[in-house]
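S.K.: got a sequence here, can you model it:
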Amino acid sequence: MDGVAGASVEAHRGSLSGASRSPGPDDTGTTRHPTGHPKQRGPDNQMFASRTTLRASDVVIRAAIVGLALATGYIHSTLGGLLFTLNAVGYAVAAVAMIIPLALAVRFRWAVRLGLIGYAFTTILGWAIQGPYYQTAYIAKAIEVALIVLVAVDFARMDGNPIAVVKRELATFASLVTGRRAQGVGA
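M.R.: Reported below is the predicted structural model:
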């Protein structure tokens with residue numbers, strides 16, 4: 001056993017045997033709680049979003065969105081070809097992004113919603129221009145129209161007016177950029 005692995009095994013044994021470490025920075029510079037677990041440094045250090053209260057109707061709408069995205073993704077995956085396969089992957093990623101509890105995804109869920117609406121609309125537009133026009137395609141387009149409607153309803157319920165949301169986010173970004181620029185000039 002080499003020295004690094006041996007040291008980590010000994011440190012692990014020490015934590016299992018009840019040996020406590022004093023609070024303060026450890027070897028990596030991370031501040032630790034007396035229990036030995038890293039301290040949370042506030043909301044900036046959270047990987048998973050805190051629990052939010054969702055009504056039953058919110059959960060039903062979100063589940064329907066995920067189901068519709070996966071359904072149209074499945075249809076596209078059965079058609080073969082690179083374009084259809086990539087379309088299927090895109091819908092699968094969007095479905096996951098709609099429900100994953102990562103703080104970043106929750107914070108920018110409004111962008112995921114707008115992106116999914118644009119993605120479904122672009123898929124419909126591409127089909128209308130290029131075809132092919134057969135029964136399964138009409139089923140997929142009906143699913144995508146229903147998906148657009150449900151995502152728009154979810155957006156309105158959760159985020160409000162899309163124009164106001166985009167303006168707010170742009171203002172937040174602008175204040176972040178100008179704040180950093182001001183810090184750089186004063187330094």
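
S.K.: ok, Val177 - how many residues close by?
M.R.: 10 (other C-beta atoms under 10 Å). Every C-beta, even on glycine, is put in place using the N, C-alpha and C of the backbone.

S.K.: how close does Pro132 get to Phe84?
M.R.: Pro132 is 11 Å from Phe84, where distance means C-beta to C-beta, to the nearest Å.

S.K.: do Ala63 as well
M.R.: From Ala63 to Phe84 the distance is 25 Å (C-beta to C-beta).

S.K.: mind checking which of those two has more residues around it?
M.R.: Each of Ala63 and Phe84 has its neighbours counted (other C-beta under 10 Å); Phe84 has more, 15 against 12.

S.K.: please list all residues in contact with the closest residue to the more buried one other than its chain neighbours.
M.R.: Excluding the flanking residues, the one nearest Phe84 by C-beta to C-beta, 6 or more residues apart in numbering is His76, at 4.6 Å. By C-beta atoms under 8 Å, 6 or more residues apart in numbering, the contact list for His76 reads Phe84, Thr85, Asn87, Ala88, Tyr91, Ala140.

S.K.: and Val60, how many residues sit next to it?
M.R.: 12.

S.K.: repeat that for Val96.
M.R.: Val96 has 14 nearby residues by other C-beta under 10 Å.

S.K.: name the helix or strand for it, please.
M.R.: Per DSSP states H and E, Val96 falls inside helix 82-99.

S.K.: how about the helices in this structure?
M.R.: For the chain, the helices defined by DSSP state H occupy 3-16, 56-77, 82-99, 103-107, 109-130, 135-158, 162-186.

S.K.: residue ranges with poor pLDDT in this protein?
M.R.: 1-52, 180-187 (pLDDT under 70).

S.K.: go again with 50.
M.R.: Flagging of the chain using pLDDT under 50 yields the residue ranges 1-43.

S.K.: surely Thr136 touches Ile75?
M.R.: Yes. Applying C-beta atoms under 8 Å as the test, Thr136 and Ile75 come out as touching, 6.3 Å apart.

S.K.: more neighbours, these two?
M.R.: Using other C-beta under 10 Å, the more surrounded residue of Thr136 and Ile75 is Ile75, with 20 against 12.
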